[in-house]
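In: Here's a sequence, model it:
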Amino acid sequence: MNYSQLIQQLSDKVIKPVYLILGDQDYLSSQIKAAFVKMIPDSERSMNIGSYDMEDTTISAAVEDAILVPFFGERRLVMINRPYFLTGMRTKSKLDQDLDDFLEYLKHPEQSTVMVIFAPYDKLDSRKKITKALKKVAVTIEIGNLRENEIKQLVTDKVTGTGFKINRDALDRMVELTGGKLTTMMSDLPKLILYNNDTKVIDLDSVNGLVSKSMEQNVFDLVNSVLQKNPKQSMDIYHQLLLENDEPIRINAVLIQQFRLLLQVMILQKHGYSQGNLASTLKVHPYRVKLAMQTIKKFSYNQLREAYIGLVDTERQMKSTRRSPELLFELFVLKFMKNVS
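Out: Just a heads-up that it's a prediction; the model follows:
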C-alpha cells in the first residue's frame, strides 16, 4: 500500500489494528501521524494516544498501553517510533528490549487499538523472528524511495489544495535544486506561496530566487565539472560548499559516494538493470539514479574509475597529513585533468 491509498482508507474509516510505516520521509511521516491522530476525538486524545520512542522506552511499555481498554472512547492509538530491533543496525540505547510481549501481542492484536510502527529505515532485517511476525500481521506502507512522478504529484496536490498553481518548469527546477527530497520541497512551499500571493502561480523565477540548492545537487554539479575538466568551475563550486560550512572531509566523502554510485549504475545497467531496479538494488533515491544514468552516458568507465581512486587517495591524505584539505582537493582536480584523456 502507498501513502495516498492509506490516507484514503483512513478517510473512509477502513482501519486495521497494526500498521508498519517503512522509510525515512519526515514529511509523509508527519502527515500520516496527523491522519491517525485525527481518528481520535479531541476530548479523548490525552487519555487514548500514546507515543513511544524505542531508543529511550521499552517495547513492553508500548504493549502495556496497547492492551488497555480505550478510556471513554472507541479506540486507542499507540505509535511506536524508531524500532531499531527490527533492523540489523547498532544503537547507543542501553535498554533491554524484551520482545516476547510484542510477539505475543502480534499474535492477537487488540481490535480496539490501532498500533502504528514508524520505521525510518531503508530496510528491515527480514531474517529476524520479530520482523517476520510483524510483516505477517501489519499493513505495510512504504514511503522511503518515492519515484519522481510521485513526488511531483504530492507537491502539486499540496499547491492546488491552497488555491495556487505551479508551472511545470518550476516544479522540475524544484526537484533539481532539492535533489528530489520531498520534505525539503514541502518546507519551501510556504515562502513560494507567500511570494506569489498576487498571481497565485508559482513560476520558475520565484523557484530560482527562493529555493536553495541542496548539498547533494552542488556535489552533483561538482562531479560533472570535474569530469568535464573545468578546473575554475570545480573550485568555485568547492569554495561555495566550504562557505556553506561543509567540512572538506565530508565534501570529499560525498564525492566518493557519488562516483561509487556512477560506477555501480554503469556496471549494473550493462547487466540489464532498469532505473527502478537500480534504485531498489542500490538503496538510493530514484532521482539520484536518474541523474547518474544521465551522467554515465557522457563519460567512460576509466574516467569514473580514475576519479574515484583519486578521491579515495585524497581522503587518505586528508586524514593522515597536515596539508591543507583545500590544496589536496585542488591537486586532485589538476592531476585528474592531466592524466585522464
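In: Residue 22 pairs with what?
Out: Residue 22 has these beta-bridge partners by DSSP bridges: residue 119, residue 142.
In: was I right about it contacting residue 135?
Out: No: using Cβ atoms under 8 Å as the test, residue 22 is too far from residue 135 to be in contact (9.6 Å). For every residue, glycine as well, the C-beta is placed using N, CA and C.
In: from the chain's centre, how far out does the strand or helix carrying residue 281 sit?
Out: Per DSSP states H and E: residue 281 is located in helix 275-282. Centroid displacement of helix 275-282 relative to its chain, using Cα atoms, centre = their mean, to the nearest Å, is 15 Å.
In: Check which residues of it are buried.
Out: 278-280, 282 (16 or more other Cβ atoms under 10 Å).
In: I'd like to know which elements that helix is packed against.
Out: Contacting helix 275-282 under the criterion 3 or more Cβ pairs under 8 Å, 6 or more residues apart in numbering; DSSP states H and E are the following elements: helix 248-270, helix 286-295.
In: which residue ranges form the strands in the stretch 101-250 of the chain?
Out: All strands of the stretch 101-250 of the chain, identified by DSSP state E, counting those that start in this stretch, fall at 113-119, 139-142, 165-166, 201-202.
In: Just give the closest residue to residue 88, not the sequence neighbours.
Out: Nearest residue to residue 88, sequence neighbours excluded (Cβ to Cβ, 6 or more residues apart in numbering): residue 125, at 4.4 Å.
In: wait, isn't that neighbour in contact with residue 83?
Out: No: if you go by Cβ under 8 Å, residue 125 and residue 83 don't touch, sitting 11.2 Å apart.
In: which of those two has more neighbours?
Out: Remark: of residue 125 and residue 83, residue 83 carries more neighbours, 26 against 14, as counted by other Cβ atoms under 10 Å.
In: Now do the contacts for the more buried one.
Out: Taking Cβ atoms under 8 Å, 6 or more residues apart in numbering, we find residue 83 in contact with 54, 59, 117-119.
In: one more time with 6 Å, if that's ok
Out: By Cβ atoms under 6 Å, 6 or more residues apart in numbering, the contact set of residue 83 is 54, 117, 119.
In: Neighbour count for those residues - can I get that in a markdown table?
Out: As requested, the contacts of residue 83 are exported to a markdown table (neighbours: other Cβ atoms under 10 Å):
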| residue | neighbour count |
| --- | --- |
| 54 | 23 |
| 117 | 24 |
| 119 | 24 |
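In: would JSON lines of those with distance to residue 289 and pLDDT be doable?
Out: Compiled in JSON lines, those are given as follows (distance: Cβ to Cβ, whole Å; pLDDT from 0 to 100):
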{"residue": "54", "distance to residue 289": "31", "pLDDT": "94"}
{"residue": "117", "distance to residue 289": "28", "pLDDT": "98"}
{"residue": "119", "distance to residue 289": "23", "pLDDT": "96"}
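In: Pull out the buried residues from stretch 154-162.
Out: 154-155, 158-159.
In: Looking at residue 22 and residue 135, which is more packed in?
Out: Taking neighbours as other Cβ under 10 Å, residue 22 and residue 135 compare with residue 22 leading, 21 against 15.
In: my guess is that one contacts residue 118, does it?
Out: No: at 8.7 Å, residue 22 does not count as touching residue 118 under the criterion of Cβ atoms under 6 Å.
In: tell me which element the residue located most distally from the centre of the chain is part of?
Out: Distance from the centre of the chain peaks at residue 72, with 38.6 Å (Cα atoms, centre = their mean). Assigned by DSSP H and E, residue 72 belongs to neither a helix nor a strand.
In: dump the residue contacts of it.
Out: Residue 72 neighbours (Cβ under 6 Å, 6+ apart): none.
In: any idea how far residue 111 is from it?
Out: 18 Å (Cβ to Cβ, to the nearest Å).
In: Same check on residue 121?
Out: Distance of residue 121 to residue 111, computed by Cβ to Cβ: 28 Å.
In: Mind checking which of those two has more residues around it?
Out: residue 121 (18 against 10).
In: Could you tell me what pLDDT the model assigned to the closest residue to the more buried one other than its chain neighbours?
Out: Ranked by Cβ to Cβ, 6+ apart and with sequence neighbours excluded, the top spatial neighbour of residue 121 is residue 87, at 5.3 Å. Here the pLDDT value assigned to residue 87 is 92.
In: State the distance from residue 87 to residue 124.
Out: For residue 87, the distance to residue 124 equals 6 Å [Cβ to Cβ].
In: More neighbours: which of the two?
Out: residue 124 (21 against 17).
In: Please name the residues that touch that one.
Out: Neighbouring residues of residue 124 by Cβ under 6 Å, 6+ apart: 86-87, 131.
In: nearest to residue 295, of these?
Out: residue 87 (31.2 Å; Cβ to Cβ).
In: Next, the angle helix 248-270 makes with the helix holding residue 281.
Out: 130 degrees (axes from the mean of the first three to the mean of the last three Cα atoms, to 10 degrees).
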